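> Could you work out the structure for the sequence below:
(chains A and B)
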Amino acid sequence: MKEAFDVAIVGAGPAGISAAYILAAAGKKVIVLERGEHPGSKNVSGGVLYGHDLAQIIPDYLEKGCPVERNVVESRLWYLAKEGGFSVSYRDRAFDGERKYNAFTVSRAKFDCWYADQARRKGALIVPSTVVTDLIHNNAGAVTGVITQREDGEVRAKVTLLADGINSPLAARTGFRPEPKPEQVALAVKEIINLPTDVINERFGVSESEGVTTEILGQVTEGMDGVAFIYTNRSSLSLGIGANLLDFATYKRKPYELIENLKQHPMVAPLISGGKPMEYIAHWLAEGGYDAIPRLYGDGYLIAGDSAMLFNTLHREGNNLAMASGKMAAESILEAFKLRDFSRSGLRSYGDRLAKSFVMKDMKKYRRLSKFLYRNKEIFTKLPEVASFGAREIITVNGVSKKDKERLILDKIRTDISFPRLIRLMWQGWRATR
Amino acid sequence: MSVSVQDKLFLDRFKVDEVSHLRIIDNKKCIDECRDQACLYLCPANVYRVEKDCITVNYEGCLECGSCRIGCAKLNIEWRFPKGGYGVSHKFG
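Modelled structure (predicted):
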């Protein structure tokens, strides 16, 4: 493979393929190197994708056969104690009307394959089953291509886009970005649980094409900073749970026990009852936030997507940041071609594009959030427990006066959390998202 | 509650390479110096297990998340991706 390309892209995920699609459509000679046997075979996300950012790249993605599982019409947020919990949900006709496909669920094994195929049709060369093991540098230190595991596996390119995801031994080896620290990633495990389509429709109160997302916070992570989720696919549910990796090590919890316990929770169990587990997978979430973002471009290279640590924890957005950053990387690469300058200064517009877009604005807005959640474990333990205690007392009809019940609840808050602490938590939580 | 992670891994499709992509650099360190042995807990595929007086690496069921690599307090694990096309291959993802 001693061929020279305009652009070499490492990783056929949403970031890499978005860039490949745009570059190939603009007539550039593009190669995408993917370590899985097909695009998507190694990729994991909760499974929610956003139509807006996909449409920025392929406006007619539905007509082109994008494999949508269900269009999300309702979003739920659960705050759970050990034995019960709160549910807030929002459903809107708009999400089945003018805002249809705002968010939809996908199977990544199918979607990424389809997406890569669209780039292939534009002329990008997608090479699966190929691990990139190193970068090629010229004498001046600029990246001039990649080295793959294949025989004769040097691929020369004017620009290299690193879109190889959050877990990157290539980054660890070459140092294009620092290896994440354990507290900068969350480890999540996910199961696909098969259920008949009509059972899902009935349990979630939706029609066959409509879906529901449920984000879960609270005792389910057993004291650790983390979150769980349930997303509806056509004839399966995606059930997942993740927590800060350092917490896993400190609390000595096992991911597979965590997901099993999640299944037993009184709010989860009835939804998955009778379901048949079909797959069990694991992946990191980039939780380092704004301060963990590496230098995003240099001489001959750019970084996009998860690899660049672009992930919005609070709003579980990642794919859209990957697609948007992949698109911006491609646009900057095209500009560099016009300037015939592939150095750091020729690629500089990538930084400007990101800074002006929602990508960096959102990353900045939540830069304190990960630390806030990590340091205030009551959010996952005592707080939902006390809140549940209160709800249980108020709802229980047992001859105790409401005034006495209120006193009981206030006492509980005082002993379990304390009011100054509660107020400080709320204040810090507010600040962490400002 | 006891859960068999093996039952979960049986659901997955693996193309297993003959050579391990994971290697403990110095097993003596794990036994003598590592108090926490975080790999035994945080690995979602239970790749690392204590047997007699060493930690074994059951790489065949590795889900390739990378957690052991950065979660090992001694950074004592050499971690590569499996050869292209090998390792876990998601059916649904």
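> tell me, what residue is most central in chain B?
Nearest residue to the geometric centre of chain B (C-alpha atoms, centre = their mean): B:Val47, 3.2 Å.
> State the phi and psi torsions of the spatially most central residue of chain A.
Nearest to the mean C-alpha position of chain A, counting by C-alpha atoms, centre = their mean, stands A:Gly318 at 3.8 Å. With angles defined as degrees, to the nearest 10, A:Gly318 sits at phi -150, psi -50.
> Let me see the contact set for it.
A:Ser45, A:Leu285, A:Ala286, A:Gly305, A:Asp306, A:Leu310, A:Phe311, A:Asn312 (C-beta atoms under 8 Å, 6 or more residues apart in numbering or on different chains). For the C-beta atoms, the positions are set from N, CA and C on the backbone; glycine is no exception.
> if you set the cut-off to 6 Å instead, what comes out?
A:Phe311 (C-beta atoms under 6 Å, 6 or more residues apart in numbering or on different chains).
> measure it to chain B for me?
14 Å (C-beta to the nearest C-beta, to the nearest Å).
> Show the pLDDT at that residue.
According to the prediction, A:Gly318 has pLDDT 95.
> Then B:Glu18?
Looking at B:Glu18, the pLDDT reads 95.
> got the residues of the stretch 251-400 of chain A near chain B?
Taking C-beta under 6 Å from any C-beta of the partner chain as the contact definition, the stretch 251-400 of chain A meets chain B at A:252, A:254-257, A:260, A:277-284.
> Out of the residues you listed, flag the one nearest to A:Trp78.
Set against A:Trp78, the nearest of those by C-beta to C-beta is A:Glu260 (18.2 Å).
> in what helix or strand does the closest one lie?
helix A:255-264 (DSSP states H and E).
> roughly how far is the helix or strand just after that helix from the heart of the chain?
Moving toward the C-terminus from helix A:255-264, the next helix or strand (DSSP H and E) is helix A:269-272. In terms of C-alpha atoms, centre = their mean, to the nearest Å, the centre of helix A:269-272 is set 24 Å apart from its chain centre.
> pLDDT of helix A:269-272, averaged?
98.
> CA-only coordinates of the next helix-or-strand element following that helix in PDB, if you can.
Downstream of helix A:269-272, the next assigned helix or strand under DSSP H and E is strand A:276-286. Presented in PDB, the C-alpha positions along strand A:276-286 are these (Å, rounded to 0.1, in the frame of the first residue of the first chain):
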ATOM      1  CA  LYS A 276     -33.500 -11.900  25.900                       C
ATOM      2  CA  PRO A 277     -30.000 -10.500  26.200                       C
ATOM      3  CA  MET A 278     -28.400 -10.600  22.800                       C
ATOM      4  CA  GLU A 279     -25.100  -8.700  23.200                       C
ATOM      5  CA  TYR A 280     -22.800  -7.400  26.000                       C
ATOM      6  CA  ILE A 281     -20.300  -4.700  25.100                       C
ATOM      7  CA  ALA A 282     -18.200  -2.100  26.800                       C
ATOM      8  CA  HIS A 283     -16.700   1.300  26.000                       C
ATOM      9  CA  TRP A 284     -15.400   4.500  27.600                       C
ATOM     10  CA  LEU A 285     -17.100   7.900  27.600                       C
ATOM     11  CA  ALA A 286     -14.800  10.900  27.400                       C
END
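> What is strand A:276-286 packed up against?
In terms of contacts (3 or more C-beta pairs under 6 Å, 6 or more residues apart in numbering or on different chains; DSSP states H and E), strand A:276-286 is packed against strand A:185-194.
> in the helix or strand following the strand it packs on, what's buried?
Next helix or strand after strand A:185-194 toward the C-terminus (DSSP H and E): helix A:197-204. Neighbour counts over helix A:197-204 (16 or more other C-beta atoms under 10 Å in any protein chain shown) mark A:Ile200, A:Asn201, A:Arg203, A:Phe204 as buried.
> Out of these, the closest to chain B would be?
A:Ile200 (14.8 Å; C-beta to the nearest C-beta).
> so what's the closest one up against?
For A:Ile200, the contact set (C-beta under 6 Å, 6+ apart) comprises A:Thr232.
> Distance from the chain centre to the helix holding A:Glu260, please.
With C-alpha atoms, centre = their mean, you get 20 Å for helix A:255-264.
> Residues touching it, excluding its own?
By C-beta under 6 Å, 6+ apart, helix A:255-264 touches A:Val189, A:Val220, A:Ala228, A:Ile241, A:Val268, B:Val3, B:Val5, B:Pro44.
> Quick one: mean pLDDT for that helix?
For helix A:255-264, mean pLDDT rounds to 97.
> Check stretch A:3-21 too.
Average pLDDT, stretch A:3-21: 97.
> for it, which positions count as buried?
Buried, per 16+ other C-beta under 10 Å, within stretch A:3-21: A:5-21.
> again with stretch A:363-376
Buried residues in stretch A:363-376 (16+ other C-beta under 10 Å): A:Met363, A:Lys365, A:Tyr366, A:Arg367, A:Arg368, A:Leu369, A:Ser370, A:Lys371, A:Phe372, A:Leu373, A:Tyr374, A:Asn376.
> Same question for stretch A:19-35.
Neighbour-count burial for stretch A:19-35 [16+ other C-beta under 10 Å]: A:19-26, A:28-35.
> Now for these: which two are most distant?
So, these by C-beta to C-beta: farthest apart are A:Ala26 and A:Arg35, at 26.1 Å.
> Show me the shaky parts of the stretch 1-150 of chain A.
A:1-2 (pLDDT under 70).
> quick one: the longest helix along chain A to strand A:276-286, angle?
In chain A, with assignment by DSSP state H, the single longest helix is helix A:319-339. On the basis of axes from the mean of the first three to the mean of the last three C-alpha atoms, to 10 degrees, helix A:319-339 is oriented at 50 degrees to strand A:276-286.
> mind listing which of the buried residues of stretch A:3-21 are in helices?
Using DSSP H, the buried residues of stretch A:3-21 in helices are A:Pro14, A:Ala15, A:Gly16, A:Ile17, A:Ser18, A:Ala19, A:Ala20, A:Tyr21.
> Thanks a lot, see you next time.
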